[in-house]
Each structure stands twice: as structure tokens, then as C-alpha cells.
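*Asks:* Give me a model of this one.
(chains A, B, C and D)
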2 protein chains.
Amino acid sequence: MSNSTLHVARSAERVLSLLDAVVSAGALSLGEAAKIVDLPISTALRHLKTLELNGYLTRAADGSFSVGPTFLRLAVASLEASPMARLILAAQPHLDALTEATGESSYLAVLEHDHALYLATAESPRAIRHAGWVGRTVPLDTTAVGAALNGKKPGSAHCVISAVEPDVSAAVAAVTGPKGAIVAALSVLGPSQRLTGKAMKTAGIAVLKTAGALSVDLAGEQPS
Amino acid sequence: MSNSTLHVARSAERVLSLLDAVVSAGALSLGEAAKIVDLPISTALRHLKTLELNGYLTRAADGSFSVGPTFLRLAVASLEASPMARLILAAQPHLDALTEATGESSYLAVLEHDHALYLATAESPRAIRHAGWVGRTVPLDTTAVGAALNGKKPGSAHCVISAVEPDVSAAVAAVTGPKGAIVAALSVLGPSQRLTGKAMKTAGIAVLKTAGALSVDLAGEQPS
DNA sequence: ACTCTATATTTCAATTACTGGCAACCAGTT
DNA sequence: AACTGGTTGCCAGTAATTGAAATATAGAGT
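*Replies:* Residues are numbered from 1 along each chain as shown, chains lettered A, B, ... in the order given. The predicted structure is shown next:
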């Protein structure tokens, strides 16, 4: 970003990646976790214990680590508070269905500052697939997601060759909230040489249909 | 606790409490956060930036911190994976109702190893109230929760003077899952001098009724 | 326009708290 | 018995962390 002399605590980052690794995996043994984050066993153990001590992780009888009460408490709190989280929860089954239908990875993205932020995904089961964009941001003006989030072409799917990476193609559609405003975008992302012609057309229809279904879901939710 | 020479990374713990503070509060400014965790502003800022850099937090335009995409991703992952989390989500409205009805704090507890673990709460609005037991564990054999979780007195509420702390009284009832097994316990906890006689009887009825309602909810959930 | 306050950000040198390698130990498994 | 994976303790070196203080920024009030 900017700062030359901003010492971000190394141990902190390590602890955070450990947490990420364990929670993402569901459960991990010491050895596995250490390998994933590429840390010496002794160090990994120390950090995992820190997490356990603070309740972020718990340890099963067989020694494996998994998510703990503190983290669960925070997870629930964040889900209850953040509309973003409700969105993700509502979207996940649709993402799964979309990937099922198209065979390609699908993503949910929202507007964050002046970028599009990928929030959730269902990954394609195929060997060659689009992967790992959750948490990533892309500019608005050169991408299909950006166009959808800005409402440039309401009601229709965009099918384009992405400008972000040369060999990625996308089919995108906007998702509307209870009040009709655009709150997110769904996209199907895949390799350009596979996602073309007929396949692209299919993906376009699927994503448009799914976006509609998700929008209906969102409209139907009770503002408890 | 135990270990003499286990260096738990101090910065890591600080980062974790910062995360806890921000997520619990929903949104916090730098100053507020620093005060809550009792850290010098500059240090707090550095740690918060670490969290932001890793996507655990995001920063709003006004400078306040709130939960970020990475954390959300993990939260959703953990909720989808862990049945415990689904339980908490399902229970929360019931806890709220229970506290509403009784005027005392209510808790959800589960069996963890050979202890009862308090997972979630709705706190009483009254000045003198039971608070802060979420994340805490208590032994099974000397407590009402323990009895309920062990199924000692199925179908009835327990109303007892707690053995854990002298001036705490409790009304407890067991919650059953889809298959009829006991999966959790609901309790109403309050000061002994207030939660007595008639009030206790009311609480007992309320907690029993609520536990039944929650059990029905759990039975009705779809195993997606 | 100017001051005043409150908050946020950056800098920097001192030091400490952290790392990670190793060796020994333990408990299951094959 | 040998192997695998986990746990503990020790320790020396240093890179990483700290927090006071200086500086910047932003609103509010006059």
C-alpha cells in the first residue's frame, strides 16, 4: 500500500493464517497445519495453542484442531450484524447450483469502495478451473462484474473476455435486494478456450436465471 | 494454567482481542477499540491494520473498523461445517424470548468433553444480572446444566441453587435434536435473592416451554 | 480566517519478546 | 522394535515489536 515503516506483527499474521487454514479445512492436525502455512512444527504448535487458549480453536480428543467457541460466537455475531454475511449465506446454495449447471466456477461479488470484491464461490470440479479469487478485488471500469454492479446493462447477462487476466472469460448478472437496488453480482468464470460460443451462451442464461432466483430469495427474507 | 515456558506470542493475543472487540461491537473507531483492549493508540492501529491487510477487518470511509471479507468467509465456512453453529443460530431468538419473558439472562450450553460449555446468551436488561459466561465451562456433576445435559431428569425443568457460585440460581431444561437425543441445555440464570419462589417457578415453566420450542425448530430443519 | 480539540497517522531508537533448531520423551501403530 | 506424530523444554541471537512523542487531519466554534 504505502508505508515503509509499518511493522505488521509477524506472529500475528502467522496466527491469522493458521486460523484461516484450520477453519477453512474444518479440522487439521498439528503436522498438516504446519505444512499448509509452512512453519516449523514447534512454532506452529505455539501459535495453535495461543488460538486454543483464546477459544478461537478447540482441540479434539485425537489432537486435531477445529473451530472453537470464541470464533463461533464472533461468527454468529458477525452474521447477525452484517447484511453482507446474510447475503453470502443466501447466495451459497445458488452458487453451488450455478456451478453444477455450468461446470465452471461461480462467484458472488459486491461493490467495495471503487472496486468489486469477490465474497464467495463454488468451485468447478474440473481440473482446469478458475480458483482462488475470494477476497480479491478487481477494478470496476474494465470488468464485467464492474459493469453489472454499476447497473450498466440491467436485466441482461454480460458475456465477455475478462480484461483482468487474458485467458479468463466471464458471464455476469446483477442481483437486486429487497428494495430493487443492485446489491451484488453473480459471475461464472472459466478458461477462455472452454467458455466460448455455445458454452458461453448456456452460462449466460444460467447466471441470469440464478441471479433472478437469488434476488427473489433476498426479497422474501424477513427483516427480523 | 500449566505451562511455565510456553511463549505465547503477545502480539498475537492482542490482535485476537482486537478482532474480538471489533466484531462483537459491530463497528469501532480506532480510539474506542484501543480503549476497550487497553492498548496505546499507535499499537492498536498497527494491529488493526494487520487485520485489515489480511481482510479480517475492513475500514469504512469514516475510519471505523468492522468485519471484513476474510472473516466473513471463515464465519460462513464454520457455520456451514459446524452443527454447533447452526444450533447457536437457531437458539438465539429463543434465548431472546426467554430473557424477555423472565427478565433474567438466559444461556445455551452444550456438552464439551466432561464439562458444560456456555455457547450463547441473551443478557437481562436489568442492572443486576448474570453476565459474561459465554465461552466458560462448568463441571457437570455439581450443576443443573450438567444434570440436564446428562439427561438425569428428562422432560422437566431443574430449579436449583447453583454450586458454582454461591449467589447464582438457575432454571434449566434439556434441548433435543432431530433424532431425539439431548444436544444442548437452556438455562435462565439470575441472582439467588431475586430468582426465588414464584419467580423461579415462572422461570422453570418458561425455560421448559422454550426448550420444547427450540427442539421442534431443530427437528424441523432440513438436513441440506 | 483562525483557534481549539479530538482523532488519526507517522516516525524512530531501545529492547524485548519471538523464533526455530535440537534433543529427549511419550503414546499409539505396524 | 522400529516408526510416526505429537509434546515439552531449553537457549542464544536477532529481527520484530513497542509506545512516546511529533505531526497531520478534520470538525466545531468564534
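
*Asks:* Now do the strands in chain A.
*Replies:* Secondary structure of chain A, counting by DSSP state E: strands at A:27-28, A:57-59, A:65-67, A:105-112, A:115-122, A:137-139, A:158-161, A:168-176, A:182-191.

*Asks:* between those strands, which gets the lowest average pLDDT?
*Replies:* When those are ranked by mean pLDDT, strand A:158-161 comes last with a mean of 60.

*Asks:* Tell me what the residue nearest the centre of chain A is bridged to.
*Replies:* Nearest residue to the geometric centre of chain A (CA atoms, centre = their mean): residue A:120, 2.4 Å. Here residue A:120 sits in beta bridges with residue A:108, going by DSSP bridges.

*Asks:* okay, the strands of chain A in CSV with distance to DNA strand D next?
*Replies:* Using the backbone N, CA and C atoms, a C-beta is placed for each residue, glycine as well. Output for those, formatted as CSV (distance: least, CB to the nearest atom of the strand, whole Å):
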stretch, distance to DNA strand D
strand A:27-28, 8
strand A:57-59, 7
strand A:65-67, 9
strand A:105-112, 20
strand A:115-122, 21
strand A:137-139, 23
strand A:158-161, 36
strand A:168-176, 31
strand A:182-191, 27
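
*Asks:* Quick one: the ones you listed as JSON lines, columns for distance to residue B:165 too.
*Replies:* Shown next, in JSON lines, are the strands of chain A (distance: least, CB to CB, whole Å):
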{"stretch": "strand A:27-28", "distance to residue B:165": "34"}
{"stretch": "strand A:57-59", "distance to residue B:165": "24"}
{"stretch": "strand A:65-67", "distance to residue B:165": "29"}
{"stretch": "strand A:105-112", "distance to residue B:165": "46"}
{"stretch": "strand A:115-122", "distance to residue B:165": "43"}
{"stretch": "strand A:137-139", "distance to residue B:165": "49"}
{"stretch": "strand A:158-161", "distance to residue B:165": "61"}
{"stretch": "strand A:168-176", "distance to residue B:165": "50"}
{"stretch": "strand A:182-191", "distance to residue B:165": "47"}
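
*Asks:* DNA strand C: which of those is closest?
*Replies:* Evaluated over the strands of chain A, closeness to DNA strand C peaks at strand A:57-59, with 14.6 Å, by CB to the nearest atom of the strand.

*Asks:* That closest one vs DNA strand C: in contact?
*Replies:* No. Under the criterion of CB under 7 Å from any atom of the strand, DNA strand C is not reached by strand A:57-59; the shortest gap measures 14.6 Å.

*Asks:* Can you name the residues in contact with that strand?
*Replies:* Residues outside strand A:57-59 that contact it (CB atoms under 8 Å, 6 or more residues apart in numbering or on different chains) are A:19, A:22, A:48, A:51, A:52, A:65, A:66, A:67, A:68, A:69, A:71, B:112.

*Asks:* follow-up on the earlier one: wait, the residue nearest to the centre of chain A touches residue A:96, no?
*Replies:* No. Under the criterion of CB atoms under 8 Å, residue A:120 is not in contact with residue A:96, lying 10.3 Å apart.

*Asks:* Which among the contacts of strand A:57-59 count as buried?
*Replies:* A:19, A:22, A:48, A:51, A:65, A:66, A:67, A:68, A:69, A:71, B:112 (16 or more other CB atoms under 10 Å in any protein chain shown).

*Asks:* Can you list the residue ranges for helices in chain A?
*Replies:* Secondary structure of chain A by DSSP state H: the helices cover A:10-25, A:30-37, A:41-53, A:69-81, A:83-102, A:144-149, A:197-220.
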